[in-house]
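*Asks:* Below is the structure, and that's it, no one-letter string:
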């Protein structure tokens, strides 16, 4: 089921992360160059509002990954050695399948987890720094 979801949503996740990076960067830049308090607050709220959906996506992606990793531990902790040969073989298949955790990806390349959120925020900061340095030179 997680693989089907990943097949359906991986392109949308990429577009979501990319557009959030760009919008956070430019709302932050707008907040930096704003001259009045109302515009500063509006742009700051827009930055936070753009960050929350990205954080939610990454947080629940992390939970999915951790839950799928927990399946291997639960299967191993079952008393498989007391069961029949068929039961032990079924547990072996579960363990084999759970070696690769289920996760959502961005363009089938990058698994979505909290480290993805960190990467998105780091990239956003890089773009923001570049835009700020270009603005400060002028």
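*Replies:* Done, it's in. What you see is a predicted model, and the numbers here were worked out from it, not measured in a lab.
*Asks:* and residue 103, how many neighbours?
*Replies:* 20 (other CB atoms under 10 Å). All C-beta atoms are positioned from the backbone trio N, CA, C, and that covers glycine.
*Asks:* which SS class is it?
*Replies:* coil (DSSP: H, G, I helix; E, B strand; the rest coil).
*Asks:* and the gap between residue 102 and residue 44?
*Replies:* 36 Å (CB to CB, to the nearest Å).
*Asks:* Which one of those two is surrounded by more residues?
*Replies:* Legend: neighbour count by other CB under 10 Å for residue 102 and residue 44, higher for residue 102 (18 against 15).
*Asks:* Going along the chain, name the helices of this protein.
*Replies:* With DSSP state H as the criterion, the chain has helices at 2-33, 37-77, 85-97, 114-137.
*Asks:* Show me what the mean pLDDT comes to for the third one.
*Replies:* Meaning helix 85-97. Averaged over helix 85-97, pLDDT sits at 86.
*Asks:* Same question for stretch 119-132.
*Replies:* 90.
*Asks:* what comes up buried for that stretch?
*Replies:* Buried residues in stretch 119-132, counted by 16 or more other CB atoms under 10 Å: 120-121, 123-124, 127-128, 131.
*Asks:* How about stretch 106-119?
*Replies:* Quick answer for stretch 106-119 (16+ other CB under 10 Å): 106, 110-113, 116-117.
*Asks:* same question, stretch 27-38
*Replies:* Those would be 27-31, for stretch 27-38 by 16+ other CB under 10 Å.
*Asks:* Could you do stretch 97-104 as well?
*Replies:* 98, 101-104.
*Asks:* before we move on, back to that, in CSV: the buried residues of stretch 106-119, plus distance to residue 59.
*Replies:* Below are the buried residues of stretch 106-119 laid out as CSV (distance: CB to CB, whole Å):
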residue, distance to residue 59
106, 15
110, 16
111, 13
112, 10
113, 9
116, 10
117, 8
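*Asks:* Which residue, neighbours along the chain excluded, lies closest to the spatially most central residue of the chain?
*Replies:* Geometric centre of the chain, nearest residue: residue 58, 2.8 Å, by CA atoms, centre = their mean. With CB to CB, 6 or more residues apart in numbering as the criterion, residue 58 has its nearest non-adjacent residue at 3.8 Å, and that residue is residue 117.
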